[in-house]
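Novice: Test case, fold it:
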Amino acid sequence: MENLVQNMEDAGCSPQTIAQICGLYDNGQIQEVIKALRGHRLHLMESLHECQEKVDCLDFLVWHMEKEKKERNL
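Specialist: Reported below is the predicted structural model:
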């Protein structure tokens, strides 16, 4: 159980989520544990995609500024 809790903490699960999953695990509801873990994974992936979009916007802005700088130096 200690490894389960540590792994969930490392994955950024909230204390409430950890308590919920541990309760499910203790009750032998492994399928529900898997469902909850997949739900947290989905949340993390959505956050990752949102951050990637922001990085892409910044990359475009930097590219645009570099292009403008080169054009002004001509």
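Novice: Only C-alpha atoms from now on, for both contacts and neighbour counts.
Specialist: Fine.
Novice: Mind checking what secondary structure the residue most central in space within the chain has?
Specialist: Nearest residue to the geometric centre of the chain (C-alpha atoms, centre = their mean): residue 44, 2.4 Å. Following DSSP: H, G, I helix; E, B strand; the rest coil, residue 44 is assigned to helix.
Novice: Enumerate every residue touching it.
Specialist: For residue 44, no contacting residues are found, by C-alpha atoms under 8 Å, 6 or more residues apart in numbering.
Novice: let's go with 10 Å and repeat that
Specialist: 11-13, 38, 50 (C-alpha atoms under 10 Å, 6 or more residues apart in numbering).
Novice: Quick check: it vs residue 19, distance?
Specialist: Distance check for residue 44 against residue 19: by C-alpha to C-alpha, to the nearest Å, it reads 19 Å.
Novice: And residue 28, by the same measure?
Specialist: From residue 28 to residue 19 the distance is 14 Å (C-alpha to C-alpha).
Novice: ok, back up a step: of the contacts of residue 44, which belong to strands?
Specialist: Using DSSP state E, no member of these falls in strands.
Novice: got JSON lines for the residues you listed, with neighbour count, distance to residue 73 and pLDDT too?
Specialist: Formatted as JSON lines, the contacts of residue 44 follow (neighbours: other C-alpha atoms under 10 Å; distance: C-alpha to C-alpha, whole Å; pLDDT from 0 to 100):
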{"residue": "11", "neighbour count": "13", "distance to residue 73": "48", "pLDDT": "96"}
{"residue": "12", "neighbour count": "14", "distance to residue 73": "47", "pLDDT": "95"}
{"residue": "13", "neighbour count": "19", "distance to residue 73": "51", "pLDDT": "96"}
{"residue": "38", "neighbour count": "12", "distance to residue 73": "52", "pLDDT": "97"}
{"residue": "50", "neighbour count": "12", "distance to residue 73": "35", "pLDDT": "98"}
